[in-house]
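**Student:** Predicted coordinates and the sequence they were generated for:
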Amino acid sequence: MLNKIFIMGRLTRDPELRRTQTGTPVASFTLAVDRDFKDKTTGERATDFIDVVAWRQTGEFVSRFFTKGRMAVVEGRLQIREWTDKDGNKRRSAEVQADNVYFGDSRREGDNGGFSAPAYGSAPSGYSAPAEGDQFAELSGDDGELPF
């Protein structure tokens with residue numbers, strides 16, 4: 001079976017970071033995701049508001065680097081949660097359990113105190129960013145003969 005989802009949208013509010021009773025961090029937020037097509041009568045795109053939950057390091061990453069209005073790409077799985085409301089009625093909610101969250105836009109002026117963080121889980125192991133102030137990293141070694 002396959003349950004994989006990718007969504008891209010803007011945060012409708014700042015992420016809310018909580019901890020379980022055992023201390024596990026969990027962040028929840030909502031993405032406003034525009035549909036790919038326009039309504040024939042109004043000419044406008046409909047927007048879906050999708051609840052997302054990010055656990056552990058991913059949740060801490062989201063709560064630290066994302067704010068309301070920021071574009072995010074979420075990779076995860078769809079989960080249906082069943083619960084009972086205060087009147088005793090059974091309810092169902094759909095939410096995305098985030099495995100990875102990536103920046104969907106470029107860093108804005110003044111965001112993160114001038115620090116640009118890679119998306120959680122996106123940098124290969126052994127990666128080290130250039131020193132602050134360096135815009136380009138030196139390449140070492142010879143590329144050999146170029147084919148053109």
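**Tutor:** Cool, the structure landed.
**Student:** Show me the strands in the chain, by range?
**Tutor:** 5-11, 16-19, 25-38, 45-55, 71-84, 90-103 (DSSP state E).
**Student:** can you put the ones you listed in CSV and add mean neighbour count, distance to residue 62 and mean pLDDT?
**Tutor:** Glycine gets a C-beta too; all of them are placed from N, C-alpha and C. Shown next, in CSV, are the strands of the chain (neighbours: other CB atoms under 10 Å; distance: least, CB to CB, whole Å; pLDDT from 0 to 100):
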stretch, mean neighbour count, distance to residue 62, mean pLDDT
strand 5-11, 17, 9, 96
strand 16-19, 12, 8, 95
strand 25-38, 16, 5, 93
strand 45-55, 16, 5, 94
strand 71-84, 15, 8, 95
strand 90-103, 16, 5, 95
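**Student:** which one of those lies closest to residue 65?
**Tutor:** Ranking those by proximity to residue 65 (CB to CB) places strand 90-103 first, at 7.8 Å.
**Student:** What lies in contact with the closest one?
**Tutor:** 5, 7, 50-55, 58, 61-62, 65-66, 70-85, 119-122 (CB atoms under 8 Å, 6 or more residues apart in numbering).
**Student:** which residues does residue 74 form a beta bridge with?
**Tutor:** residue 7, residue 101 (DSSP bridges).
**Student:** my guess is it meets residue 11, correct?
**Tutor:** No. Residue 74 is beyond contact range of residue 11, at 10.4 Å (criterion: CB atoms under 8 Å).
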